[in-house]
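kindly generate the corresponding structure for this input.
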Amino acid sequence: MLLLTAVLSLAVSGCVQEYSADQHPCPCADGYICCPYTDTCFESPGPCTCHEHGDCPEGDFCGESGECYAIKDAALSEGRYGHASVVLADGRVLTTGGIRRYVNGIEEILATAEIFDPATGEQRIVLGPGGQALKMHASSGRAFHTMTLLRDGEVLIAGGVGPIVQGASTVRTALRSAEIFDPDTETFLSPMDMGSGRAHHTATMLATGQVLVAGGATYGNNGAIDSYLDTGVIFDPSNDTWTPVSDTMSARRAFHQAVLLDPAATGGKVIMIGGENSTGTLGSADIFDPNNLSFIEGVDVTMARNRSRFCAVRLMSGLVLVAGGTTLADDPATPDVFERSPDDGVEIYDTNIGAYGAFLPDGPNLLSARLDLTCSLIADGQVLVAGGLTADGTGDASLELISEQDQDVTVSASADSLAQGRYAHTALTLRDGGVMIIGGLPDASPDSVPIAQCEIE
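Here you go, the predicted structure:
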């Protein structure tokens, strides 16, 4: 799939020129072409053979070196779900942890890390000094954790679930540890104590460079979720300290979304939306104020529908888009029963309405209802919706595009689709505008094997 790229400015061969997807970044002499990520004009044909994914054979993608690479080169060493992924400062993609599942349904939580390099198309597992796979300090592994790129280029890895021995069996527990990955040395630095264990939480970089970790769930002795959290902690990378937020959210929530609002318009506030707890799915929202490092009391902001396991993203206009997920069953006799069938709703949050903003009425619908989906903001301002679990229990392969202009939101089908339907995956917008889809599960059957193959759309 070829994604439209925004106007960029690059210095190439001594010139600086704005260009769009259908233009070369810098004029070259006749018979020469200019690579977008190099400072050299090459004689055509030469080592720079592509400018965008559409220049390559079907199934290949254009690397930052200007050469076409086969998507098969971007396969994880082992399929995983419940992992975390982040784009590093140099454009590479880091994926850590997650869960490997064997064909008989037995699962293993992973402690390994993998790096994809768009400049070469190479996907590799990170190795330690002895040539063995490097493991996180949480040697038992992490899943359903978060990763946040810090301003100095390092990556904060926080919480998640890991296995512990409980009597004669091994069960899952929420981890209270965090650690730093250094991309320059490709090592995990000394672990830290967050003060409380949590998984299925959110981690949001504040305008100050600090990181807000909020909500989540803990696990009981049976290895299942036994409580939900309404607390938050702040990580300060200047001194590697963790400080509890002095107050709590209005509701305990996990499987929610947190979005940094437009700093210029809101002072860098963060909205926590929806999720679920022991009472069911949630429609409420909480707002964190970075000026006094606390949750604001009395925020009366709710979605049209309660929802959990959805996606959310801030648009270029500053509005926040929410899509899909799962909602509470409508049966009044069982108000606390989750309706795990997917939802197709799309909602828009506007910070300019009232004291704390509001969700606009009458939002559009996705073309395909789905939960555990991803929403990725691409360079032209549209949102790419990918994957998700459908009503028949299979991973969705369809792609949708959501556009917004003056609060008018439209949903359209993409002409392309994933090679393999999946859910519980990650999706990241690469530096060249492509969206990389990583891992996930093909369907909801208990022996469904996680996907190793990555895709770039």
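
now residue 447. Nearest residue, chain neighbours left out?
Leaving aside its sequence neighbours, residue 447 sits nearest to residue 105 (CB to CB, 6 or more residues apart in numbering; 4.5 Å). C-beta: built from backbone N, CA, C; applies to glycine.

meant to ask about residue 215, not that
In space, and not counting its chain neighbours, residue 215 is closest to residue 253: 4.6 Å by CB to CB, 6+ apart.

which residues touch that neighbour?
215, 228-230, 272, 274-277, 282, 286 (CB atoms under 8 Å, 6 or more residues apart in numbering).

now for residue 279, how many residues are close by?
For residue 279, the neighbour count with other CB atoms under 10 Å is 13.

what pLDDT does it get?
As predicted, residue 279 sits at a pLDDT of 91.

state the distance from it to residue 269.
26 Å (CB to CB, to the nearest Å).

for residue 80, same thing?
Distance of residue 80 to residue 269, computed by CB to CB: 34 Å.

the two: who's more crowded?
For the pair residue 80 and residue 269, the greater number of neighbours falls to residue 80 (30 against 22), based on other CB under 10 Å.

not counting its neighbours along the chain, what's nearest the more buried one?
Closest residue in space to residue 80, ignoring its immediate chain neighbours: residue 98 at 3.3 Å, by CB to CB, 6+ apart.

ok, now residue 220?
Using CB to CB, 6+ apart, the nearest residue to residue 220 is residue 226, at 3.2 Å.

okay, domains of this structure per the record?
What automatic domain parsing lists as the domains of the chain is 8-62, 79-245.

ranking those by mean pLDDT, which is last?
Of all the domains of the chain, the minimum mean pLDDT falls on domain 8-62 (a mean of 50).

returning to what we had before: give me the neighbour count for the residue nearest to residue 220.
The tally of other residues near residue 226 (other CB under 10 Å) stands at 13.

strands of the stretch 1-150 of the chain, start to end?
8-12, 15-19, 32-34, 41-43, 60-62, 68-70, 84-87, 93-96, 99-101, 107-109, 113-117, 122-125, 146-149 (DSSP state E, counting those that start in this stretch).

related to what we said a few turns ago, what's the pLDDT at the residue nearest to residue 215?
Predicted confidence (pLDDT) for residue 253: 97.

and it, how far is that from residue 184?
Residue 253 is 36 Å from residue 184, by CB to CB.

ok, back up a step: put together TSV for the contacts of residue 253, with distance to residue 451 and neighbour count on each row.
Formatted as TSV, those follow (distance: CB to CB, whole Å; neighbours: other CB atoms under 10 Å):
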residue	distance to residue 451	neighbour count
215	28	26
228	29	23
229	30	24
230	34	19
272	30	28
274	27	27
275	26	33
276	25	26
277	30	21
282	30	27
286	34	27
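
residue 176: which of these is nearest?
Nearest to residue 176 among those: residue 229, at 11.8 Å, using CB to CB.

show me where this protein has helices.
Taking DSSP state H as the test, the helices found in the chain are 263-266.

just give me the longest strand of it.
strand 408-422 (DSSP state E).

where's that strand relative to the chain centroid, distance-wise?
17 Å (CA atoms, centre = their mean, to the nearest Å).

outside of that strand, which residues touch it?
Contact with strand 408-422 is made by 1, 71, 321, 346, 348, 363-367, 384, 386-387, 390, 394-404, 437, 439-443, 451, 453, 455, 457, as judged by CB under 8 Å, 6+ apart.

do the same with stretch 313-320
With CB under 8 Å, 6+ apart as the contact definition, stretch 313-320 has outside contacts at 259-262, 265, 271, 273, 312, 321, 348-351, 375-377, 381, 383, 404, 407.

repeat that with 6 Å
Stretch 313-320 is contacted by residues 259, 262, 265, 321, 348-350, 375, 377, 381, 383, 404 when judged by CB atoms under 6 Å, 6 or more residues apart in numbering.

got those as TSV, with neighbour count and distance to residue 56 columns?
What follows is the contacts of stretch 313-320, written out as TSV (neighbours: other CB atoms under 10 Å; distance: CB to CB, whole Å):
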residue	neighbour count	distance to residue 56
259	19	34
262	18	36
265	12	40
321	23	30
348	23	36
349	24	38
350	15	40
375	21	26
377	17	24
381	14	25
383	22	25
404	18	30
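
strands - which of the residues you listed land there?
With strands taken from DSSP E, the overlap with these comprises 259, 321, 348-350, 375, 377, 383, 404.

quick check, nearest of those to residue 295?
Among the ones in strands among the contacts of stretch 313-320, residue 259 lies closest to residue 295 (CB to CB), at 14.8 Å.

is that closest one in contact with residue 271, as I believe?
Yes - the pair residue 259 and residue 271 passes the contact test of CB atoms under 6 Å, sitting 5.5 Å apart.

gap between the residue nearest to residue 220 and residue 107?
Distance from residue 226 to residue 107, by CB to CB: 19 Å.

same question, residue 315
Distance of residue 315 to residue 107, given as CB to CB: 37 Å.

equivalent analysis for residue 130, please.
27 Å.

go on, residue 187?
27 Å.

residue 363 too?
In terms of CB to CB, residue 363 sits 37 Å off from residue 107.

go ahead and confirm residue 191 touches residue 179.
Yes - contact criterion CB under 6 Å: residue 191 and residue 179 qualify, at 4.6 Å.

perfect, I'm done here.
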